[in-house]
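1. Requesting a structural model of the entry that follows:
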Amino acid sequence: MINKYIKEHKNEIIQKTQELIQIPSVISKSNNAKKPFGEQVNNALEYILELGKSLGFKTKNIDGYCGYIEFGEGKELIGIIGHLDVVPVQDGWTYPPFSAKIADGNIYGRGAIDDKGPVIASLYAMKAVMENSKVNKRIRLILGLNEENDWKCIEYYKKHEELPSVAFSPDADFPCIYAEKSILTSYLKMDYSKLMNENICIKEINTYGNAINVVPKNCSVILKINSKKIAMKDFIKNIKKFIIEKSYEIDIYKIDENEIKLTSHGTPSHSAHPESGINAISHLLVILYEIFNYYKIELELLQFFNEYINTQYYGENLGINFEDETGKLTLNVGDFSLQKNILQIGLNIRIPVTIDVIEIGNSFLKHTAPYLNVDFDTIDYRPPLHISKENILVKTLCDIYNKETNSKLEPIAIGGATYARAFDNCISFGANFPGDKDMCHQTDEFINIDKLLLSCKIYAEAIIALNNL
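-> Numbers count the residues shown, from 1 in each chain. Presented below is the predicted three-dimensional model:
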């Protein structure tokens with residue numbers, strides 16, 4: 001009956017996935033207390049709550065911070081935790097990123113796999129169960145709006161609403177996730193005010209809205225030179241030489257006799273897999289170091305970066321090349337800015353579950369100590385998730401996936417962060433399938449239609465199984 005329901009509602013599931021993707025729900029500043037994450041994110045929440053209501057579910061908007069869709073009876077609550085916000089869009093898309101274009105059996109668009117397609121699959125899985133099976137527990141789809149930033153949405157939910165006794169998040173990979181690395185977001189900073197009058201200085205930086213948990217596709221900087229001391233022609237010639245030596249894709253634009261603009265191009269990927277992308281910020285920072293070093297201008301932040309980070313992904317030079325069963329420590333340079341005379345480089349670090357975060361901080365403090373003008377400042381830390389592979393929730397969900405796909409796969413660990421770590425007795429479960437390229441945060445993000453529908457069936461079976469535990 002579950003299969004029949006999903007098959008009969010295939011076109012509806014596809015259409016609703018498209019409609020949700022078409023809402024450009026990137027977080028934005030808001031002065032409206034009822035829409036704390038901006039107009040478009042709120043539009044996505046209102047859309048899906050209205051959809052849930054039309055399908056016969058109970059719905060609630062929780063003060064604009066999050067919402068839920070629920071059915072069933074009983075004291076016990078089963079949770080499905082997804083999110084509606086998306087990371088900013090970079091250029092280079094084949095189809096408009098919020099068009100939800102269907103091509104080659106896929107739905108293309110920002111949020112297609114992260115996390116709008118899986119959210120719709122979960123919603124229609126709930127509907128399939130509601131129409132075809134009796135439950136003695138309540139099933140609640142919890143909808144976050146701030147997952148790609150600082151999780152204020154889910155913190156608000158936990159303060160004001162009932163917590164599920166068991167849950168899964170459709171925001172990662174199948175067969176299921178038993179461990180997620182911890183995440184450290186930190187900045188290397190220096191006061192740049194004393195260098196503003198040097199013969200070369202950084203005037204402006206643009207990372208084109210890149211989220212720190214994304215390998216940046218583009219980054220540009222405007223350099224101002226003292227043309228009385230440095231000939232623009234020679235300056236550009238030297239920069240071209242540095243770029244050619246490194247084989248980087250960096251464009252040079254002459255603005256006037258005193259200013260040039262450098263624009264670095266890379267390939268985006270999720271910061272959990274920085275080796276899958278090409279980091280535009282890192283490449284530009286290397287070239288900036290070469291420029292300032294050639295003209296004998298001491299800029300300690302660039303010196304530290306060149307010596308200890310450069311274009312590495314695993315922190316080898318910092319002595320933090322850690323690895324355990326959950327993989328290697330990874331480091332993504334996700335931000336570069338100049339604000340109020342503070343020059344800073346933002347780092348997103350994914351740490352294996354057995355490694356103490358204090359070791360990471362101590363290593364940075366040790367290596368920055370000789371650089372008197374460089375500070376290391378941590379702004380966010382998310383502890384790891386680590387559940388035994390023998391845990392009943394892990395075994396139940398993994399078994400469901402294997403049964404539905406005729407597989408014999410084991411639970412896996414990831415470098416990504418999902419809402420699973422925000423709740424007790426919760427793990428991530430799909431919707432990226434084994435062997436598929438991880439399109440989260442990438443240009444031309446998509447979800448395959450056949451796998452969207454298969455995810456829906458898997459989630460329906462998971463709801464039934466968890467109800468029977």
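2. What segments of the stretch 51-200 of the chain are helices?
-> Assigned by DSSP state H, counting those that start in this stretch, the stretch 51-200 of the chain shows helices spanning 117-132, 152-160.
3. helix, strand or coil for Asn11?
-> With DSSP: H, G, I helix; E, B strand; the rest coil as the basis, Asn11 sits in helix.
4. do the same with Glu50
-> Reduced to three states by three-state DSSP, Glu50 is helix.
5. Could you measure from it over to Thr59?
-> According to C-beta to C-beta, to the nearest Å, Glu50 stands 8 Å off from Thr59. Glycine gets a C-beta too; all of them are placed from N, C-alpha and C.
6. out of the two, which sits in the busier spot?
-> Thr59 (18 against 11; other C-beta atoms under 10 Å).
7. Specify the beta-bridge partners of that one.
-> Ile69 (DSSP bridges).
8. Could you pull up the residues touching it?
-> By C-beta atoms under 8 Å, 6 or more residues apart in numbering, the residues touching Thr59 are 49-50, 52-53, 67-70.
9. Now tabulate those in JSON lines and tack on distance to Gln339 and pLDDT.
-> Listed next are the contacts of Thr59 as JSON lines, based on distance: C-beta to C-beta, whole Å; pLDDT from 0 to 100:
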{"residue": "Leu49", "distance to Gln339": "37", "pLDDT": "98"}
{"residue": "Glu50", "distance to Gln339": "40", "pLDDT": "98"}
{"residue": "Gly52", "distance to Gln339": "41", "pLDDT": "98"}
{"residue": "Lys53", "distance to Gln339": "43", "pLDDT": "98"}
{"residue": "Gly67", "distance to Gln339": "34", "pLDDT": "98"}
{"residue": "Tyr68", "distance to Gln339": "37", "pLDDT": "98"}
{"residue": "Ile69", "distance to Gln339": "40", "pLDDT": "98"}
{"residue": "Glu70", "distance to Gln339": "43", "pLDDT": "98"}
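10. Can you tell me which of these lies closest to Asp324?
-> If you rank these by distance to Asp324 using C-beta to C-beta, Tyr68 comes first, at 35.6 Å.
11. Do I have it right that the closest one meets Leu143?
-> Yes - contact criterion C-beta atoms under 8 Å: Tyr68 and Leu143 qualify, at 6.4 Å.
12. So which of the two has more stuff around it?
-> A count of neighbours by other C-beta under 10 Å puts Leu143 above the other of Tyr68 and Leu143, at 31 against 23.
13. Report pLDDT for that one.
-> Listed pLDDT for Leu143 reads 98.
14. Okay, and the beta partners of it?
-> Bridge pairing for Leu143 - DSSP bridges - gives Gly67, Gly82.
15. Look up how far Asp115 lies from it.
-> 10 Å.
16. Could you single out the most deeply buried of the helices of the stretch 51-200 of the chain?
-> Neighbour counts (mean count of other C-beta atoms under 10 Å) averaged over each of these peak at helix 117-132, with a mean of 25.
17. Compile the helices of the stretch 51-200 of the chain into a markdown table and extend it with columns for mean pLDDT and distance to Lys217.
-> As requested, the helices of the stretch 51-200 of the chain are exported to a markdown table (pLDDT from 0 to 100; distance: least, C-beta to C-beta, whole Å):
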| stretch | mean pLDDT | distance to Lys217 |
| --- | --- | --- |
| helix 117-132 | 97 | 22 |
| helix 152-160 | 97 | 26 |
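18. Before I go, just wanted to say thanks for your time.
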